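Trainee: Any chance you could fold what I've pasted below:
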Amino acid sequence: MLVAGVLTIVGAVAGLLLPIGLADLVTRVLYPLLGEFPPAWVGQLAFAAVWGIAFGVPALQLAGAVRLLSGRGRRLLLLTGPLSLFGVGRVVQALAERPDDAGWRVLLVLSALPVLGALLAALPPTRPAARAAAASMPGAAGVAAVLGLLGCAFPLFQAVLALVDRLVVGDRTGSGQPVALLVLEVGLLVATFVGALLLLGRRSWLGLAVPAAAYCLVAGTANSSSSSVILAAPLPAGAAVLAVLPSVRRWIGTRSDSPGEGEARA
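Mentor: So this is what the prediction gives:
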């Protein structure tokens with residue numbers, strides 16, 4: 001169940017950042033029925049439905065993964081995970097048109113993760129004791145991990161691109177961030193991503209709280225006016241706050257006393 005939840009979260013985060021495939025789901029089904037020139041209000045309604053599905057499905061998949069990891073059931077994940085098959089089909093079509101594009105191969109893997117997570121969640125549990133131990137996961141821990149993954153994904157992508165650009169092209173205008181600061185941001189964002197996975201695996205809450213809080217401080221002191229940083233900074237901050245809650249720390253602290261751990265040692 002842990003693997004299914006983690007795979008779904010990673011795939012859903014990628015779906016929120018790269019709404020490929022799901023975005024044209026409505027246009028494939030609705031527009032052929034409406035004809036070539038649908039009324040304006042119908043077109044606006046269809047446009048809203050397109051983006052509602054593009055961002056709503058990954059959000060529901062995230063909720064399903066959190067419910068699965070917190071022991072509240074797997075039904076929501078089983079219902080929403082297979083919807084990513086539309087995204088897989090779109091990426092496969094694009095990959096067939098441009099087989100040499102490595103980016104589409106990466107998107108193919110990412111778009112398939114929620115489907116794989118749903119398939120794994122549908123399997124009968126083979127370790128009831130471990131499942132019972134995972135059922136005690138507080139909702140705050142799942143939300144903290146999701147916020148950490150969401151908060152570091154796009155800023156990490158931007159920071160890596162900016163770092164590569166600085167190393168290859170250089171700072172011709174003198175207005176870019178120092179290389180050392182970019183390296184620090186990339187390191188903190190990678191640590192936040194790993195820390196979110198460690199929290200989901202019931203390994204450590206400090207692994208998420210420390211780098212997420214440090215990234216917020218670094219992003220604030222850098223005086224960045226980038227809208228993406230301004231919008232993404234509250235997410236790691238929320239992850240850091242939730243990760244230090246007493247319920248989350250108790251859940252991590254009692255891992256060694258759980259029945260599943262005892263059986264594993266035996």
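Trainee: Phi and psi next, for residue 78.
Mentor: phi -70, psi -30 (degrees, to the nearest 10).
Trainee: quick one, what contacts it?
Mentor: Residue 78 makes contact with 64, 118, 121-122, according to CB atoms under 8 Å, 6 or more residues apart in numbering. Placement of C-beta: from N, CA and C, glycine included.
Trainee: Repeat the analysis, applying 7 Å as the threshold.
Mentor: Contact analysis of residue 78 by CB atoms under 7 Å, 6 or more residues apart in numbering lists 118, 121-122.
Trainee: Mind checking which of those residues land in helices?
Mentor: Taking DSSP state H as the definition of helices, those contribute 118, 121-122.
Trainee: Tell me the one of these nearest residue 138?
Mentor: residue 121 (19.8 Å; CB to CB).
Trainee: contacts for stretch 138-153?
Mentor: 9, 13, 16-17, 62, 66, 69-70, 189, 192-193, 195-196, 199-200, 208, 212, 232, 235-236, 238-239, 242-243, 245, 247-248, 251.
Trainee: Pull out the buried positions in the helix or strand harbouring residue 190.
Mentor: Assigned by DSSP states H and E, residue 190 falls within helix 179-200. By 16 or more other CB atoms under 10 Å, the buried positions in helix 179-200 come out as 181-182, 184-186, 188-189, 191-200.
Trainee: picking up where we left off before, among the contacts of stretch 138-153, name the buried ones.
Mentor: Looks like the contacts of stretch 138-153 have 9, 13, 16, 62, 66, 69-70, 189, 192-193, 195-196, 199-200, 208, 212, 232, 235-236, 238-239, 242-243, 245, 248, 251 buried, using 16+ other CB under 10 Å.
Trainee: among these, which are in helices?
Mentor: Using DSSP H, the buried ones among the contacts of stretch 138-153 in helices are 9, 13, 16, 62, 66, 69, 189, 192-193, 195-196, 199-200, 208, 212, 232, 235-236, 238-239, 242-243, 248, 251.
Trainee: Residue 195 contacts residue 213, correct?
Mentor: No. Counting by CB atoms under 7 Å, residue 195 sits too far from residue 213 to count as a contact (10.7 Å).
Trainee: before we move on, back to that, in TSV: the ones in helices among the contacts of residue 78, plus pLDDT, distance to residue 110 and neighbour count.
Mentor: As requested, those are exported to TSV (pLDDT from 0 to 100; distance: CB to CB, whole Å; neighbours: other CB atoms under 10 Å):
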residue	pLDDT	distance to residue 110	neighbour count
118	89	15	27
121	87	18	24
122	88	21	13
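Trainee: Tabulate the residues you listed (TSV), appending distance to residue 161.
Mentor: Output for the ones in helices among the contacts of residue 78, formatted as TSV (distance: CB to CB, whole Å):
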residue	distance to residue 161
118	32
121	34
122	38
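Trainee: Considering those residues, which is situated nearest to residue 156?
Mentor: When the ones in helices among the contacts of residue 78 are compared for distance to residue 156 (CB to CB), residue 118 wins out at 26.1 Å.
Trainee: quick one: contacts for the closest one?
Mentor: 77-78, 81-82.
Trainee: Go through the residues you listed and flag which are in helices.
Mentor: Per DSSP H, the subset of the contacts of residue 118 in helices is 77-78.
Trainee: Which among the contacts of residue 118 count as buried?
Mentor: For the contacts of residue 118, buried by 16+ other CB under 10 Å: 77-78, 81.
Trainee: ok, of these, which one's closest to residue 55?
Mentor: Once CB to CB is applied, the member of the buried ones among the contacts of residue 118 that ends up nearest residue 55 is residue 81, at 16.2 Å.
Trainee: Kind regards, and thank you for your time.
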